[in-house]
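Asker: need a 3D model of the sequence below.
(chains A and B)
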Amino acid sequence: EPEVTQTPSHQVTQMGQEVILRCVPISNHLYFYWYRQILGQKVEFLVSFYNNEISEKSEIFDDQFSVERPDGSNFTLKIRSTKLEDSAMYFCASTGTSGGYRETQYFGPGTRLLVL
Amino acid sequence: GDSVTQMEGPVTLSEEAFLTINCTYTATGYPSLFWYVQYPGEGLQLLLKATKADDKGSNKGFEATYRKETTSFHLEKGSVQVSDSAVYFCALGGLSGGYQKVTFGIGTKLQVIP
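Answerer: Numbering: from 1, shown residues only, chains lettered A, B, ... in the order given. Prediction:
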């Protein structure tokens, strides 16, 4: 069964450093998302992406964050200058042909980011 | 905005006990409703879903019915196993700006003891 993959599974970085989290969505999907889960808290929406542009972003997704689809398969989340409070599990998700509310979002296994 | 409220855990049950995890939602329009499960050290997996009122989603012995009149989507299983120990997230898929956005509940940790 096709699945969303994410790399790395864990990343440790120093405060102020840039990190890039990578995702490979399901191959025929068109809508891509990033979510994050701070330890012990709920999963929060960060951003949705379609047709090579951001379709919506949350208030969390400030100028330190950016997303990109650099080629036909990868979808990346960049944090320009990490802060301690960016420590979280980051999930990538994708959905298929219409992005409508009836579609299921398929989630990757997550990248656990620790900022020291 | 959209929101999901679910009972906070942890919930501890003996094997073969009956499970109910309550979930209620607030949304505009007609969202889809989901239960996701997160096993220790793993990502989010879709457990079941329902896309319209009175639909019942089911998978692996788990069931949930989309109740529009009570805005609820409670998760049930008749006989839990140790392998069901995980965190369960109720979620709704709504439209925002024309695109889907999933809103999650806080998650309920279930521990099943032999």
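Asker: spell out which parts of chain A neighbour chain B.
Answerer: By the rule CB under 8 Å from any CB of the partner chain, the part of chain A lying against chain B is A:6, A:31, A:33, A:35, A:41-45, A:48, A:50, A:55-56, A:91, A:93, A:95, A:99-110. No exception for glycine: its C-beta is placed from N, CA and C like everyone else's.
Asker: got the contact list for residue 87?
Answerer: Just so you know, I chose chain A. Contact analysis of A:Ser87 by CB atoms under 8 Å, 6 or more residues apart in numbering or on different chains lists A:38-39, A:113-115.
Asker: wait, chain B was what I had in mind.
Answerer: Counting by CB under 8 Å, 6+ apart, B:Val87 has contacts B:9, B:37-38, B:107-110.
Asker: these: which ones sit near chain A?
Answerer: Among those, the ones lying near chain A by CB under 8 Å from any CB are B:Gly107.
Asker: nearest to B:Lys52, of the contacts of B:Val87?
Answerer: Of all the contacts of B:Val87, B:Val37 has the smallest distance to B:Lys52: 22.3 Å, by CB to CB.
Asker: quick one: name whatever helix or strand follows the helix or strand hosting the closest one.
Answerer: Per DSSP states H and E, B:Val37 falls inside strand B:32-38. Following strand B:32-38 in sequence order, the next helix or strand is strand B:44-50 (DSSP H and E).
Asker: near chain A at all, that next one?
Answerer: Yes. For a cut-off given as CB under 8 Å from any CB, strand B:44-50 has contacts with chain A, namely B:44-46, B:49.
Asker: who's in contact with A:Ile60?
Answerer: Going by CB under 8 Å, 6+ apart, A:Ile60 touches A:36, A:44, A:46.
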